[in-house]
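Enquirer: please work out how this folds:
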Amino acid sequence: LFYEKQGTGKPLILLHGNEEDHRIFDEAIELLKKRYTVYAVDSRGHGQSDKVLEYHYLDMAKDIQEMIEQLELKDVSLMGSSDGAIIGLLIGSLYPKLVDHLILAGVNVKPNGVILEVYQEMKEQYQIEAKTLLLAGSDDLIKLDHIERISHHIKNCEFRILEGEDHSSYIIHNKKIAKIILEELK
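Expert: The predicted model follows:
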């Protein structure tokens, strides 16, 4: 994985969405690096990271898990947008001790097709322990009730709708996401 590291303080990992790269956070990093060591990551197959033939969220989550462990990061906060939010959700559920705080913008998940017994078992096995903030724009392409339903399945979770914003208007090359992160992590 390619990543850029800037700033000092507790580690903060930023994960972009599909067909994007770490540069979408350039403006936000200018504010965040004053309080955090920011790791802006290019997910596999994106930006300067190695190319892949297939994309799987579980592989992408494993990439971040291995990155955190190899860099021996502690007290990690993670902000993910769109696909990066899905990866963050997986990290929080599969590796609950790895991150302390999740900020997930435009997250979605749809466990249909799984029989009820298996779904209940998965729900009990994969519990997110990190304090979690779910974000969505009022004009998001993800249905707001879908994200709200996700929030009901995560203990210690807040769901916030950002009026006048779409799926990524407050994230891509925008300092708004930095202000939200700084306020949430203070």
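Enquirer: low-confidence ranges in the chain?
Expert: In the predicted model of the chain, residues 110-126 satisfy pLDDT under 70.
Enquirer: would you map the strands across it?
Expert: With strands called from DSSP state E, the chain shows them at 2-6, 10-15, 36-42, 76-81, 99-105, 131-137, 157-162.
Enquirer: mind putting these into CSV with mean neighbour count?
Expert: C-beta coordinates here come from the backbone N, C-alpha and C atoms, glycine included. CSV is the format used below for these (neighbours: other C-beta atoms under 10 Å):
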stretch, mean neighbour count
strand 2-6, 15
strand 10-15, 24
strand 36-42, 24
strand 76-81, 26
strand 99-105, 25
strand 131-137, 23
strand 157-162, 16
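Enquirer: next, format these as TSV and append distance to residue 51.
Expert: Putting those into TSV (distance: least, C-beta to C-beta, whole Å) gives the following:
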stretch	distance to residue 51
strand 2-6	11
strand 10-15	18
strand 36-42	11
strand 76-81	21
strand 99-105	26
strand 131-137	30
strand 157-162	33
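Enquirer: with just CA atoms, put stretch 178-186 into CSV.
Expert: The C-alpha trace of stretch 178-186 is given here as CSV (Å, rounded to 0.1, in the frame of the first residue of the first chain):
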residue,chain,number,x,y,z
ALA,A,178,-11.3,18.0,8.8
LYS,A,179,-13.4,20.2,11.0
ILE,A,180,-15.8,17.3,11.6
ILE,A,181,-13.0,15.0,12.5
LEU,A,182,-11.3,17.5,14.8
GLU,A,183,-14.6,18.1,16.6
GLU,A,184,-15.4,14.4,16.9
LEU,A,185,-12.0,13.4,18.2
LYS,A,186,-11.4,16.2,20.6
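Enquirer: what is the burial count for residue 139?
Expert: Per other C-beta atoms under 10 Å, the neighbour tally for residue 139 reads 14.
Enquirer: quick check: it vs residue 184, distance?
Expert: Distance of residue 139 to residue 184, given as C-beta to C-beta, to the nearest Å: 22 Å.
Enquirer: got it, and residue 33?
Expert: Counting by C-beta to C-beta - residue 33 and residue 184 are separated by 17 Å.
Enquirer: so what's the spatially closest residue to residue 97 that is not a sequence neighbour up against?
Expert: Spatial nearest neighbour of residue 97, chain neighbours left out: residue 129 (7.3 Å); criterion: C-beta to C-beta, 6 or more residues apart in numbering. By C-beta atoms under 8 Å, 6 or more residues apart in numbering, residue 129 lies in contact with 92, 96, 97, 155, 156.
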